[in-house]
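Student: This is the structure alone, sequence omitted:
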């Protein structure tokens, strides 16, 4: 299965953000979206999710336009992990994950045994079953991010889209969340995530797309696309490269 | 996942309701014993003569009975609507009249009093005023295209609400100060003292209808209380749900205002108490709010008719209890609304 944007123009009514974007994410693959602030990353994500209508071009799943699907149909195929959860009420982690089952039941349906089992197993899968009964307002940012990933998994989607999944996390939690993302692709999901850190793309993505000024500057396998020259052009700032003899590289802001 | 909390909390809500029922039936200027009430109800159910004095039967069935049912329906209606609106507007400080249901109903009622309508005319005008006001707020709010549809709707409600309030003020100025104005003032403060058996059907039918819709949708209210885009990404048709929930909550609110006038604070305070008892999960919160709201207003109404030689308007009592509660809520709400 493939989630694809074809010659996509995205933005808000009367306020175009970007255009001419062509991207594809296959099952089992991680695509990182890299770019400076204001480059249109979040708007592109929301359009890829079907939360914003394309201004032009299409977003499609195996050739079927996203716009032709109903809201629940879409939610059973593509799940969203927002940057941070700002809910009003102190739901327990379990209840929040259970909400991932919304698209699998009718409008009047009470979550059933299977829904509860799926929610519990997703908490288990991410290693946070011990948080089930804790209010999400009382756990750490990293734990909360994992709860949101568990909720997206409870949708049993084919694709998962994460908006800066590590933005507000400490060093250790960043690694934990990124490893989980890698694992999702190993389990057969297509993953699209945005990040500010080229090293995250380098370490955890298969392919990367560089987004600047609303257009794709370069797209392809991480090793080929991520060069110091391109990153310098992307961010408009010098970039230093640290290389290990073993072949591992990392970028530093110069 | 906290069955103990649920059982415990649900039991507390149910006991408040039972306590409210017992107190409301037995306490008053004409005390009736619990045993007499049981006998009266039993004889009404089975047709066997009760042997009670006609006065006791009149108190139970003609005076206190309708009033108890009305308090129950109004309390449950306001509490359920409040809980639904707090989730819908993602703000726990919202009350059921946020979209102008009360101010619209108030304008309808005072106009009807000014035009010397009968009691049913006043109730019908209040009911219609509430529905029209919310429809107007919704229509205006959804034509304004701005970033946050929820905030736009709430602010439109506040703005149109104050315009309707000005309308109420104007009608009061025009009213006859000896006959009409006292009726208006009393009505604007809320009271169940004039409840008769004939009032019950027009109150209870819309309340039950609206409450059933909210009960049916309560599992979806959890995801609906999340930020708009999260809710839609989870597969919720948010626009459709919002219209249905607003319509159902407005129906229960308008029916309550039409029957008892404006009783503030119940729809704000009770959902918080219920959340304290059963947690934020709407699957439990909606039924708990209904039960607790009924019991709460029964207790308040009993207090209102027994506190002094003259009945205290309900709106005054609920405000006296609600204001300090609200301040306490503001002061202690740092860590999310559990």
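Tutor: Here it is on my side, so go on. Since the structure is predicted, the reported quantities are computational estimates derived from the model, not experimental observations. Residues are numbered from 1 along each chain as shown, chains lettered A, B, ... in the order given.

Student: tell me the phi and psi of the closest residue to chain A within the stretch 151-300 of chain B?
Tutor: Going by CB to the nearest CB, chain A is nearest to residue B:235 of the stretch 151-300 of chain B, at 2.7 Å. Using the backbone N, CA and C atoms, a C-beta is placed for each residue, glycine as well. The phi/psi pair for residue B:235 (degrees, to the nearest 10) reads phi 100, psi 20.

Student: Same question for residue A:30.
Tutor: Here is the backbone geometry of residue A:30 (degrees, to the nearest 10): phi -110, psi 120.

Student: Name the residues linked to it by a beta bridge.
Tutor: Under DSSP bridges, the beta-bridge partners of residue A:30 are residue A:191.

Student: okay, now it: neighbour count?
Tutor: Neighbour count for residue A:30, taken as other CB atoms under 10 Å in any protein chain shown: 24.

Student: how far away is it from residue B:213?
Tutor: Residue A:30 sits 44 Å away from residue B:213, going by CB to CB, to the nearest Å.

Student: Residue A:110 now?
Tutor: Counting by CB to CB, the gap from residue A:110 to residue B:213 is 15 Å.

Student: Those two: who's more crowded?
Tutor: Neighbour count, other CB under 10 Å: between residue A:110 and residue B:213, residue B:213 has more, with 19 against 11.

Student: Return the per-residue confidence for that one.
Tutor: In this model, residue B:213 is scored at 97, pLDDT.

Student: Could you do residue B:146 as well?
Tutor: pLDDT, residue B:146: 69.

Student: right, and residue B:282 touches residue B:83 too?
Tutor: Yes - counting by CB atoms under 8 Å, residue B:282 touches residue B:83, with 7.3 Å between them.

Student: for stretch A:229-242, what is the average pLDDT?
Tutor: Taken as a whole, stretch A:229-242 has an average pLDDT of 91.

Student: Actually, stretch B:102-112.
Tutor: 92.

Student: how about the residue of the stretch 101-250 of chain A found nearest chain B, what does it touch?
Tutor: Closest approach between the stretch 101-250 of chain A and chain B, counting by CB to the nearest CB: residue A:103, at 2.7 Å. Residue A:103 makes contacts with A:71-73, A:75-76, A:155, B:234-236, as judged by CB atoms under 8 Å, 6 or more residues apart in numbering or on different chains.

Student: Go through stretch B:228-242 and flag the buried ones.
Tutor: Using 16 or more other CB atoms under 10 Å in any protein chain shown as the test for burial, stretch B:228-242 gives B:228-236, B:238, B:241-242.

Student: swap in stretch B:268-284?
Tutor: B:268-275, B:277-284.

Student: and it, how far from the chain's centre?
Tutor: Centroid displacement of stretch B:268-284 relative to its chain, using CA atoms, centre = their mean, to the nearest Å, is 15 Å.

Student: Where does the closest residue to residue B:312 other than its chain neighbours sit, in terms of helix or strand?
Tutor: Sequence neighbours aside, residue B:304 is the residue nearest to residue B:312 in space, at 4.8 Å (criterion: CB to CB, 6 or more residues apart in numbering or on different chains). In the assignment (DSSP states H and E), residue B:304 maps to helix B:282-306.

Student: who in the stretch 1-150 of chain A is up against chain B?
Tutor: Within reach of chain B by CB under 8 Å from any CB of the partner chain, the stretch 1-150 of chain A has these residues: A:13, A:46, A:49, A:51, A:71-72, A:74-76, A:78-80, A:82, A:85-92, A:94-95, A:98-100, A:102-103, A:105, A:107-111, A:132-133, A:135-138.

Student: mind listing what the residue most central in space within chain A touches?
Tutor: Chain A has residue A:162 as the residue nearest its centroid, 1.8 Å off, counting by CA atoms, centre = their mean. Residue A:162 makes contact with A:80-81, A:149, A:152, A:181, A:191-194, according to CB under 8 Å, 6+ apart.

Student: Residue A:17: what secondary structure?
Tutor: When classified by DSSP: H, G, I helix; E, B strand; the rest coil, residue A:17 comes out as strand.

Student: Out of the buried residues of stretch B:268-284, which sit inside helices?
Tutor: Among those, the ones falling in helices (DSSP state H) are B:268-275, B:277-278, B:282-284.

Student: any weak-confidence spans in the stretch 1-150 of chain B?
Tutor: The model of the stretch 1-150 of chain B has pLDDT under 70 over residues B:1-7, B:146-147.

Student: again, 50 this time
Tutor: Residue ranges of the stretch 1-150 of chain B with pLDDT under 50: B:1-4.

Student: the helices in chain A, which residues?
Tutor: Using DSSP H, helices in chain A cover A:41-48, A:71-75, A:93-98, A:113-125, A:141-154, A:171-186, A:198-204, A:222-225, A:228-235.

Student: and the gap between the closest residue to residue A:249 other than its chain neighbours and residue A:195?
Tutor: Nearest residue to residue A:249, sequence neighbours excluded (CB to CB, 6+ apart): residue A:243, at 4.8 Å. Applying CB to CB, the value for residue A:243 to residue A:195 is 21 Å.

Student: just residue B:289 next, same as before
Tutor: For residue B:289 relative to residue A:195 (CB to CB), the value is 43 Å.

Student: Enumerate the residues of chain B near chain A.
Tutor: Within chain B, the residues that sit near chain A (CB under 8 Å from any CB) are B:1-2, B:87, B:90-92, B:145, B:216-217, B:219-220, B:222-223, B:225-227, B:229-230, B:232-237, B:241, B:275, B:279-281, B:283, B:335-338.

Student: residues contacting residue 153?
Tutor: Unless you meant another one, I'm taking chain A. A:79, A:100, A:122, A:125-126, A:160, A:184.

Student: let's do chain B instead
Tutor: Residue B:153 neighbours (CB under 8 Å, 6+ apart): B:89, B:99, B:137-138, B:141-142.

Student: Please list only the buried members of those residues.
Tutor: Among the contacts of residue B:153, those buried by neighbour count (16+ other CB under 10 Å) are B:89, B:99, B:137-138, B:141.
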